[in-house]
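Enquirer: Quick one: sequence plus predicted model below, questions after.
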Amino acid sequence: MANIKSAKKRIKVIETKTLRNKIIKSSLKTTIKKFLASVETKNVEEAKVNFTAAVKALDMAESKGIIHKNKASRNKSKLAFKLNKLTA
């Protein structure tokens, strides 16, 4: 346990940031799962809507520094490939 006042504050700040990161990661996973579910059911219109939501969530997580930019780009590419495969 920290004794110094600034160390105690840092612990509080880290807990807050960890919670924020966890919330954003969880919502990101949920949006991706919704997109994949709509692809599984072969619902093209719903898949397009969910794709834009997933891309937006990936970009937001990337801008906040929660996931690496290459991971966000890789995931967007993978999702776009699945959408293109569905529409083709």
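Expert: Looks like it arrived, so ask away.
Enquirer: CA atoms for contacts and neighbours, from now on please.
Expert: Noted.
Enquirer: Could you list the buried residues of the lengthiest helix in the chain?
Expert: As assigned by DSSP state H, the longest helix anywhere in the chain is helix 5-40. For helix 5-40, a neighbour-count test (16 or more other C-alpha atoms under 10 Å) marks Asn21, Ile24, Lys25, Leu28, Thr31, Ile32, Lys34, Phe35, Leu36, Ser38, Val39 as buried.
Enquirer: How about stretch 58-71?
Expert: Using 16+ other C-alpha under 10 Å as the test for burial, stretch 58-71 gives Leu58, Asp59, Met60, Ala61, Glu62, Ile66, Ile67.
Enquirer: what's the spacing between the closest residue to the last one other than its chain neighbours and Ala80?
Expert: Leaving out its chain neighbours, the residue that sits closest to Ile67 by C-alpha to C-alpha, 6 or more residues apart in numbering is Ala61, at 6.0 Å. Distance from Ala61 to Ala80, counting by C-alpha to C-alpha, to the nearest Å: 18 Å.
Enquirer: Centroid-wise, who is the farthest residue in the protein?
Expert: Ranked by distance from the centre of the chain (C-alpha atoms, centre = their mean), the top residue is Asn3, with 36.2 Å.
Enquirer: Would you enumerate the residues in contact with the residue nearest to Ile67?
Expert: Ile24, Lys25, Leu28, Ile67 (C-alpha atoms under 8 Å, 6 or more residues apart in numbering).
Enquirer: Quick check, central residue of the chain?
Expert: Central residue of the chain (C-alpha atoms, centre = their mean): Leu28, 2.9 Å from the mean position.
Enquirer: Could you list which residues are in contact with the residue lying closest to that residue once chain neighbours are set aside?
Expert: Using C-alpha to C-alpha, 6+ apart and skipping the chain neighbours, the partner closest in space to Leu28 is Ala57 (5.7 Å). Applying C-alpha under 8 Å, 6+ apart, we find Ala57 in contact with Ser27, Leu28, Thr31.
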